[in-house]
Every structure is written in structure tokens, then in C-alpha cells.
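*Asks:* Predicted coordinates and the sequence they were generated for:
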Amino acid sequence: MSRTEKIGLGGGCHWCTEAVFQSLHGVEEVEQGFVASTDKNDTYSEAVIVHFEAAAITMKDLIEIHLLTHGSTSDHSMRPKYRSAVYTFSDRQRTKAQEILQTLQLNFERPLITQVLPFATFRPSDSQFTNYYYNNPQKPFCRNYIQPKLKLVLERFSNAMDDVKVGLF
């Protein structure tokens, strides 16, 4: 029997992040919205919660795809709105995410700014914005910002892409 897990990911526009993870084999659901953590990260920031089949796609693959599809090494002025983070739901998941980030750092020339943070609360996006890419693939924002990310994932992780959704871009 397959085990479903969830992980929160934030770092860029949640329309983009949602589309990337909706396109992956093994991802059952992507909740788009705003996530808050604790302490100094207790404000809401754009993010998604990814529900995935651990037997079909690994947390390592999800985190690596996340790092490659947003500015995970760029500490720009919009970081409060677009916090680069992996939001975890347990101590075991936190430890594993930290180990994955340390390993993946070797693939980047600049230091990763992505933080591993405890998940605290979630506020969903307005329904008009959910499933944004797959409802609006021809809009300029989708063609200019989301499709290049999907193509990057297809090139580097073709075995992880959902065949049905690959045909949509």
C-alpha cells in the first residue's frame, strides 16, 4: 500500500509553483495559498502544500525540483512575500529536508537561501486563482513564466512528469 505524505514549498509565485508540482507523477494534490511558520517567519508567504505518493516520487526529487524552479540562491527584496522555504510537518521530515538541502547545495555555485521551517498555518488562495496554469495556459504570464519552468523540469526530470499534462505545454 502506498503512503501519502505532504510537504510545503514556497519561494516564488504560487501560480508557478502550483503548476510545476501539479505536473508531476506521484503528486496527488497541490494546495495553493499562503503558509506561515513560527517565530520570525510567522507572516504568510506564497506557497503550496504538495500531497504526494512517497513510493512514486521522493521528497528529494520534490525539493530538488523546487530549488531549480525558483530563485533559491537569490535573497531579493520580495522575500517576505516569496519566502524560499521547505515547510515540514514533523521532526523526521525536518531532519530529512535539512539533509537533502545540504546534499543538493553541492549542485549550486551560490549558497542556497532556502530555509527548512515548521509548518504552522495555511490560508488557501481565492478559488479564481487555483489551478491557474491549467485553466489559462495561453495567457502571457503562463507562457512567459510557467512554461519555461515546466520545460526545465521535463528536460531534467522527464521520468517524474505526468504524461497527460506534458502534452498541455
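*Replies:* Now that the structure is in, tell me what you want to look at.
*Asks:* Could you use CA atoms for every contact and neighbour count after this?
*Replies:* OK.
*Asks:* Neighbours of residue 10, how many?
*Replies:* As a burial measure, residue 10 scores 29 neighbours (other C-alpha atoms under 10 Å).
*Asks:* residues in contact with it?
*Replies:* 17, 35, 45-48, 82-87 (C-alpha atoms under 8 Å, 6 or more residues apart in numbering).
*Asks:* Which of these sits closest to residue 73?
*Replies:* Nearest to residue 73 among those is residue 84, at 8.9 Å by C-alpha to C-alpha.
*Asks:* ok, the closest one to residue 160 distance?
*Replies:* Separation of residue 84 from residue 160 (C-alpha to C-alpha, to the nearest Å): 22 Å.
*Asks:* of these two, who's got more company?
*Replies:* Set side by side, residue 84 and residue 160 show more neighbours around residue 84, with 29 against 19, by other C-alpha under 10 Å.
*Asks:* which residue sits closest to that one, ignoring its sequence neighbours?
*Replies:* Leaving aside its chain neighbours, residue 84 sits nearest to residue 11 (3.8 Å; criterion: C-alpha to C-alpha, 6 or more residues apart in numbering).
*Asks:* for residue 52, which residues make a bridge with it?
*Replies:* With DSSP bridges applied, residue 52 shows beta-bridge pairing to residue 5, residue 27.
*Asks:* Quick check, pLDDT for it.
*Replies:* We have a pLDDT of 97 for residue 52.
*Asks:* Leaving out the residues flanking it, which one is nearest to residue 19?
*Replies:* Spatial nearest neighbour of residue 19, chain neighbours left out: residue 133 (5.9 Å); criterion: C-alpha to C-alpha, 6+ apart.
*Asks:* Also residue 89?
*Replies:* Residue 89 sits nearest to residue 119 (C-alpha to C-alpha, 6+ apart), 5.8 Å away.
*Asks:* Save the contacts of residue 10 as JSON lines, and put in secondary structure and distance to residue 111 too.
*Replies:* Formatted as JSON lines, the contacts of residue 10 follow (DSSP: H, G, I helix; E, B strand; the rest coil; distance: C-alpha to C-alpha, whole Å):
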{"residue": "17", "secondary structure": "helix", "distance to residue 111": "21"}
{"residue": "35", "secondary structure": "strand", "distance to residue 111": "24"}
{"residue": "45", "secondary structure": "strand", "distance to residue 111": "21"}
{"residue": "46", "secondary structure": "strand", "distance to residue 111": "22"}
{"residue": "47", "secondary structure": "strand", "distance to residue 111": "21"}
{"residue": "48", "secondary structure": "strand", "distance to residue 111": "23"}
{"residue": "82", "secondary structure": "coil", "distance to residue 111": "17"}
{"residue": "83", "secondary structure": "coil", "distance to residue 111": "15"}
{"residue": "84", "secondary structure": "coil", "distance to residue 111": "13"}
{"residue": "85", "secondary structure": "strand", "distance to residue 111": "14"}
{"residue": "86", "secondary structure": "strand", "distance to residue 111": "16"}
{"residue": "87", "secondary structure": "strand", "distance to residue 111": "19"}
